[in-house]
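Colleague: Build the 3D model from these lines:
(chains A and B)
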2 protein chains.
Amino acid sequence: MKLDLCPSPALYQHYKSDNDTVVVVDVFRASATMCMMLNKGASAIIPVSNSELAKQYKSKGYLVGAERNTKKCEFADFGNSPFDYTPEKVKGKEIVFTTTNGTRAIDVASNCKELLIGTFPNIDAVADRCLSRAERVVILCAGWNNRISIEDTLFGGALAEKLLEKADIKFDSDSIRMTYELWLRVKNNLHEYLKLSDHYQRLINNSAVGDIDFCITPNSISIVPVYNKMDKKIY
Amino acid sequence: MKLDLCPSPALYQHYKSDNDTVVVVDVFRASATMCMMLNKGASAIIPVSNSELAKQYKSKGYLVGAERNTKKCEFADFGNSPFDYTPEKVKGKEIVFTTTNGTRAIDVASNCKELLIGTFPNIDAVADRCLSRAERVVILCAGWNNRISIEDTLFGGALAEKLLEKADIKFDSDSIRMTYELWLRVKNNLHEYLKLSDHYQRLINNSAVGDIDFCITPNSISIVPVYNKMDKKIY
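Modeller: Presented below is the predicted three-dimensional model:
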């Protein structure tokens, strides 16, 4: 199996191939939040990249999670904290969801063969799904306004390590090679290293520090959210 | 002084600020080749991103260096090997120059405050020039068809280390933080690590192995090529 990493949605066109399985990762926090929605019983997620569209859904009676620049949008029911989504609120419901970066990444890759949502809390489940079905996996980092993020990139290194432990994996570009090498350097000190990142500081500044540990701790969730091209929902 | 790194020309718009000094790096081999042209006495370099335009210059009597996909273009006088450019051929002459990636990177950043050409062979001279004049430095990696290259990224880490040794430098994004961390991991084993890169293989496959050592050995040249916005030439 081939493995690649695209560090920014703005570079996706230069990293894609036919028949790709794409793992969209937005470590802080959209990926973990989507895993949590489904884990708490939501029936589907409707990702939208545009907050105006999310507002229209809200006016039609949908539950809406919406975040811009780390903060919950005023019109929304939920923000981008995984802990906003409790079974009482979401069980059996479809949730419309838009975030600064995560839903944009889904948008650019929505025509790939299979699109999965991956992050540290579901890393083993994502690795197993890739190994059982994929020909070529591209880890697509959501980043921040098309800039590269430490936390998303390092998830790529972590997933590469998981896959290498279980199968014969060929790295398909310099991007994944460098990411894996960096992961080997910092993996034993991940939380401390992430404190250097721009987005860690944004979360601290917006009182979202409680989400950080959840978002970088592996395997609290065994669900892999999968994007359905037909109805553009995530199940 | 602030320091940032843009790993691909396609991301430059997301990394630029006003008053940037941009260091364009294409380790294999355009940066070293441009340093060599000036070091061997060329009076100026005329960078063009389009090979058709280079061909037109040739028909007007200019000396032309042109490379696509690691090979010299048929119509050109020189390819992209630093050793093509001898004093006998280039002294006092203007050289039109186009390469697969390096001249494209110059093109996207040509409106910055100051554009320098940097690479391992002139790294100390580039560091000194940045320290003497720059407010914010962006290392712009040429990459390969907008994909990220190990060798260009690692030059960014090497330049960051040089600058940190001599001044109070603030890293301005996750991109330069990760690059510097990776540099610390591989710097004592640079040549071996570069063998993993896509472009190392391309050079081997095109009999350009002799250029590799020159391109990654520091400080054989003390010239810093500087782009002049007025006449669009490099001196």
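
Colleague: where in chain A is pLDDT low?
Modeller: In the predicted model, chain A carries no residue with pLDDT under 70.

Colleague: try it again with 90
Modeller: A:49-50, A:69-71, A:100, A:102-104, A:133-134, A:201-210 (pLDDT under 90).

Colleague: hey, where'd the helices end up in it?
Modeller: A:12-15, A:30-39, A:51-59, A:87-90, A:102-108, A:123-133, A:150-166, A:174-186, A:190-194, A:198-205, A:209-216 (DSSP state H).

Colleague: so A:Cys35 makes contact with A:Ser222?
Modeller: No: counting by C-beta atoms under 8 Å, A:Ser222 is not a contact partner of A:Cys35; they are 9.4 Å apart. C-betas here are computed from N, CA, C, even on glycine.

Colleague: Touching both of the two, which residues are there?
Modeller: Common contacts of A:Cys35 and A:Ser222 (C-beta atoms under 8 Å, 6 or more residues apart in numbering or on different chains): A:Asn122.

Colleague: the more surrounded of the two?
Modeller: A:Cys35 (27 against 12; other C-beta atoms under 10 Å in any protein chain shown).

Colleague: Would you mind naming what in chain A lies close to chain B?
Modeller: A:7-8, A:10-11, A:14-15, A:144-150, A:153, A:173-175, A:177-178, A:181-182, A:184-186, A:193, A:196-199 (C-beta under 8 Å from any C-beta of the partner chain).

Colleague: just the buried members of those residues?
Modeller: Using 16 or more other C-beta atoms under 10 Å in any protein chain shown as the burial test, the residues of chain A next to chain B include A:7-8, A:10-11, A:14-15, A:144, A:146-150, A:153, A:173-175, A:177-178, A:181-182, A:185-186, A:193, A:197-199 as buried.

Colleague: re earlier: could the helices of chain A go into CSV alongside distance to B:Phe120?
Modeller: As requested, these are exported to CSV (distance: least, C-beta to C-beta, whole Å):
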stretch, distance to B:Phe120
helix A:12-15, 25
helix A:30-39, 38
helix A:51-59, 46
helix A:87-90, 54
helix A:102-108, 34
helix A:123-133, 37
helix A:150-166, 24
helix A:174-186, 17
helix A:190-194, 27
helix A:198-205, 29
helix A:209-216, 35
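
Colleague: Show me the one of these that comes nearest A:Leu116.
Modeller: helix A:123-133 (6.0 Å; C-beta to C-beta).

Colleague: Now do that closest one: which elements does it pack against?
Modeller: strand A:20-25, strand A:114-117, helix A:150-166 (3 or more C-beta pairs under 8 Å, 6 or more residues apart in numbering or on different chains; DSSP states H and E).

Colleague: Report the buried residues of that helix.
Modeller: A:123-127, A:129-130.

Colleague: ditto for stretch A:215-226
Modeller: For stretch A:215-226, by 16+ other C-beta under 10 Å, it's A:215-216, A:221, A:223-225.

Colleague: Just the residues contacting that stretch, thanks.
Modeller: A:27-29, A:32, A:34-36, A:38-39, A:45, A:82, A:114-126, A:129, A:151, A:158, A:190-191, A:194, A:214, A:234-235.

Colleague: Next one: A:Asn101 relative to B:Asp84, how far apart?
Modeller: 44 Å (C-beta to C-beta, to the nearest Å).

Colleague: Next: A:Thr100.
Modeller: The value you get for A:Thr100 to B:Asp84, if C-beta to C-beta is used, is 48 Å.

Colleague: picking up where we left off before, highest average neighbour count across the helices and strands packed on helix A:123-133?
Modeller: Highest mean neighbour count of these: strand A:20-25, a mean of 28 (counted as mean count of other C-beta atoms under 10 Å in any protein chain shown).

Colleague: got the CA coordinates for that one in PDB?
Modeller: What follows is strand A:20-25, C-alpha atoms only, in PDB (Å, rounded to 0.1, in the frame of the first residue of the first chain):
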ATOM      1  CA  ASP A  20      -7.200   7.300  -3.200                       C
ATOM      2  CA  THR A  21      -8.500   6.800   0.300                       C
ATOM      3  CA  VAL A  22      -8.200  10.200   1.900                       C
ATOM      4  CA  VAL A  23      -8.000  10.600   5.700                       C
ATOM      5  CA  VAL A  24      -9.000  14.100   6.600                       C
ATOM      6  CA  VAL A  25      -7.400  15.200   9.900                       C
END
